[in-house]
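In: Using only what follows, build the 3D model:
(one chain, ligands or ions: 1)
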Amino acid sequence: MHQDNEDYTNPPEEFIGLSDFTSCGSDQLSFRAGDRLLVHTKTSADWWWAELGGLCGYAPSSYLKQDVEDSYLNQGVKEDTSENTSEDPWQDEEYFGSYGTLRLQLEMLSDRARTEAYRQVILTNSAPLKGKVVMDLGCGTGVISLFCARLAQPKAVYAVEASSIAEHTETLVRQNGCEEVVTVFQGRAEELELPGTVDILISEWMGNCLLFEFMVESVLQARDRWLREGGMMWPSGASLCLVPCQALDYYTERMVFWEQPYGLDFTALQSLAQSEFFSRPRFSHLLKPEDCLATPCDVITLDMLTLHVTDLEKLRGQFTFIVEKAGTFHGFTSWFRVQFQSLERDKTTLELDTGPYSEPTHWKQTLFMLDGPILLLGGETVSGIILLHRNPVWRRHMTVTIQWSISSTEETGNCMVQSKSFPMWR
Ligand SMILES: N=C(N)NC/C=C/[C@H]1O[C@@H](n2cnc3c(N)ncnc32)[C@H](O)[C@@H]1O
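Out: As a prediction, this is how the structure comes out:
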């Protein structure tokens, strides 16, 4: 295929495929991760007319990244960014600064479902915990370490915390009579020297959409360095869950509002509203069970014993939802579940579920709004993939891309594939 009215005013730009894309329509261009495509025309925000190996077609812009090397060459400028990165790609000053405040520690401690789940893990494993060495990574006020020392008899607990809250954690350990067992180590887990290996690495590392903040990388680094062979990771597993949903309240207050505020027509602001309110995920969204349009499914599952840091760069999941009732498809909502395998064989695995059918947690859920609502009659199939692409520069950030198509029994034609990318946050 070749587009005759090729726009030659601007030379084509070279982009690199971030991940595989399979054409879902005759006018789309398939490519693989790493392919170098020539983008001739950015026909829309989401779809660009591109060429690869003599073939032309539409490629989803969210799957493409500018070849930084190439763009520098174009400008004839070759900066050595190693010296010029003024900002820390981990933003640790701001990150650990925020956790040094009581506000965040209070929010996490006040989250009863979260804190009680970890307490139950210690309580039900108190017998096998006897004589063990535990590392509590990112201990904050040390609540989990204190649970270990008070509800079981471990040999030692290494409570590791990088933020300034650690100065107070020592006092809390003493005031609760646990100084014989619990030792506080202030600093980043990656930089600390511990007395030796540990039998259990426990951590409450989960961020919004499971991975945001990417503290999970610190947990994996600590596992590889300090967890003994055959040791236990708590959580031992994690699942990212997704469901197509209604979000009428949010849609009404952020989009419908502009139709007639005080009898005036402000619809000219609706495109701005869409980019401002719907182009990024909405954290702390509380999804009502009745707004789920299908049975939720696990789209990504992590085994914390075998997961590698390199796996975190790109995570991909598939989904197929059968729409169970008529409703308005406003977006997708995600949340996570984490599992705590028992230290004793064949004992039950405990789970913390942050979904809409469980007690709300401080994470609540994360809402990904479509550009516009879609009416569903019920019986349709919503299928597609979800991609979590870690930001190659800002290491605590990622972009979530959801690609979906809706097919119904009536419609026989090939279904249009939609794709939307949500930066979280850079
Ligand atoms: N789970 C939620 N909600 N947020 C994540 C929880 C983060 C807590 O773990 C600490 N933390 C995070 N990364 C490290 C690290 N590499 N070394 C030592 N301490 C760390 C932070 O200062 C917070 O107190």
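In: Run a quick neighbour tally on residue 99.
Out: Per other Cβ atoms under 10 Å, the neighbour tally for residue 99 reads 19. Where C-beta positions appear, they are placed from N, C-alpha and C, glycine not excepted.
In: ok, for it, nearest residue in space, not its chain neighbours?
Out: In space, and not counting its chain neighbours, residue 99 is closest to residue 163: 4.0 Å by Cβ to Cβ, 6 or more residues apart in numbering.
In: The ligand contacts on this protein?
Out: The chain comes close to the ligand at residues 96, 99, 108, 138, 140, 160-163, 188-190, 204-207, 213, 215, 218, as judged by Cβ under 6 Å from any ligand atom.
In: In helices only, show me the residues you listed.
Out: Mapping these onto helices (DSSP state H) picks out 96, 99, 108, 215, 218.
In: And the buried ones among these, selectable in ChimeraX?
Out: A single ChimeraX command selects the buried members of those (16 or more other Cβ atoms under 10 Å):
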select :96,99,108,215,218
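In: Just put the ones in helices among the residues of the chain next to the ligand in TSV and tack on pLDDT.
Out: What follows is these, written out as TSV (pLDDT from 0 to 100):
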residue	pLDDT
96	95
99	93
108	96
215	98
218	98
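In: So which of the ones in helices among the residues of the chain next to the ligand is the closest to residue 152?
Out: residue 108 (21.5 Å; Cβ to Cβ).
In: where exactly do the helices run in the protein?
Out: Using DSSP H, helices in the chain cover 68-75, 81-84, 92-99, 102-110, 112-124, 126-129, 143-151, 166-175, 215-226, 248-254, 270-278.
In: quick one, what contacts the closest residue to residue 243 other than its chain neighbours?
Out: Leaving aside its chain neighbours, residue 243 sits nearest to residue 296 (3.9 Å; criterion: Cβ to Cβ, 6+ apart). Contacts for residue 296 were tallied using Cβ atoms under 8 Å, 6 or more residues apart in numbering; they are 241-243, 355.
In: Tell me which of these fall in strands.
Out: 241-243 (DSSP state E).
In: Among the residues you listed, which one sits closest to the ligand?
Out: Nearest to the ligand among these: residue 241, at 17.3 Å, using Cβ to the nearest ligand atom.
In: Please enumerate residues in contact with stretch 236-243?
Out: Residues contacting stretch 236-243 (Cβ under 8 Å, 6+ apart): 206, 209-211, 287, 292-305, 317, 319, 321, 332-341, 349, 355-356, 386, 388.
In: Test my guess that residue 425 contacts residue 283.
Out: No - the criterion here is Cβ atoms under 8 Å, and residue 425 misses it with residue 283 at 9.7 Å.
In: distance between the ends of stretch 336-349?
Out: End-to-end distance for stretch 336-349: 16 Å, by Cα to Cα, to the nearest Å.
In: model confidence over it, on average?
Out: Mean per-residue pLDDT for stretch 336-349: 97.
In: that older thread, can you redo the ones in strands among the contacts of residue 296 as CSV with pLDDT and neighbour count?
Out: Below are these laid out as CSV (pLDDT from 0 to 100; neighbours: other Cβ atoms under 10 Å):
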residue, pLDDT, neighbour count
241, 98, 23
242, 98, 24
243, 98, 25
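In: Look up the closest residue to residue 397, ignoring the ones flanking it.
Out: residue 391 (4.1 Å).
In: so what's that neighbour up against?
Out: Going by Cβ under 8 Å, 6+ apart, residue 391 touches 397-399, 426.
In: Distance-wise, check it relative to the ligand.
Out: Distance from residue 391 to the ligand, counting by Cβ to the nearest ligand atom, to the nearest Å: 17 Å.
In: and if you look at residue 417?
Out: 34 Å.
In: Which residue does the stretch 51-200 of the chain have closest to the ligand?
Out: Closest point on the stretch 51-200 of the chain to the ligand, by Cβ to the nearest ligand atom, is residue 138, at 2.3 Å.
In: ok, that residue - how many residues close by?
Out: Around residue 138 there are 21 other residues, counting by other Cβ under 10 Å.
In: That one and residue 241: what is the separation?
Out: Going from residue 138 to residue 241 by Cβ to Cβ, to the nearest Å gives 23 Å.
In: out of the ones in helices among the residues of the chain next to the ligand, what pair is the most spread apart?
Out: 108 and 218, at 16.5 Å, using Cβ to Cβ across those.
In: Run a quick check on residue 179 versus residue 169, I expect a contact.
Out: No - if you go by Cβ under 8 Å, residue 179 and residue 169 don't touch, sitting 11.3 Å apart.
In: Among the contacts of residue 391, name the ones in strands.
Out: 398-399.
In: And the contacts of residue 391, which of them are buried?
Out: Judged by 16+ other Cβ under 10 Å, buried ones among the contacts of residue 391: 397-399.
In: Mind putting the residues you listed into JSON lines with pLDDT?
Out: Output for the buried ones among the contacts of residue 391, formatted as JSON lines (pLDDT from 0 to 100):
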{"residue": "397", "pLDDT": "96"}
{"residue": "398", "pLDDT": "97"}
{"residue": "399", "pLDDT": "97"}
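In: Out of these, which is nearest to residue 57?
Out: residue 399 (22.8 Å).
In: List the contacts of that closest one.
Out: Residue 399 neighbours (Cβ under 8 Å, 6+ apart): 62, 388-389, 391, 421-424.
In: What's the PyMOL syntax to select whichever of the residues you listed are buried?
Out: Restricted to buried positions by 16+ other Cβ under 10 Å, the PyMOL selection for those reads:
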select buried, resi 62+388+389+391+421+422+423+424
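In: Any regions of the chain where pLDDT drops low?
Out: Along the chain, the model assigns pLDDT under 70 to residues 1-11, 26, 67-86, 410-414.
In: Following the record's annotation, map out the domains of it.
Out: Domain ranges of the chain: 13-66, 93-204, 238-424, per the TED database.
In: In a markdown table: these, plus distance to residue 222.
Out: Listed next are these as a markdown table, based on distance: least, Cβ to Cβ, whole Å:
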| stretch | distance to residue 222 |
| --- | --- |
| domain 13-66 | 29 |
| domain 93-204 | 5 |
| domain 238-424 | 11 |
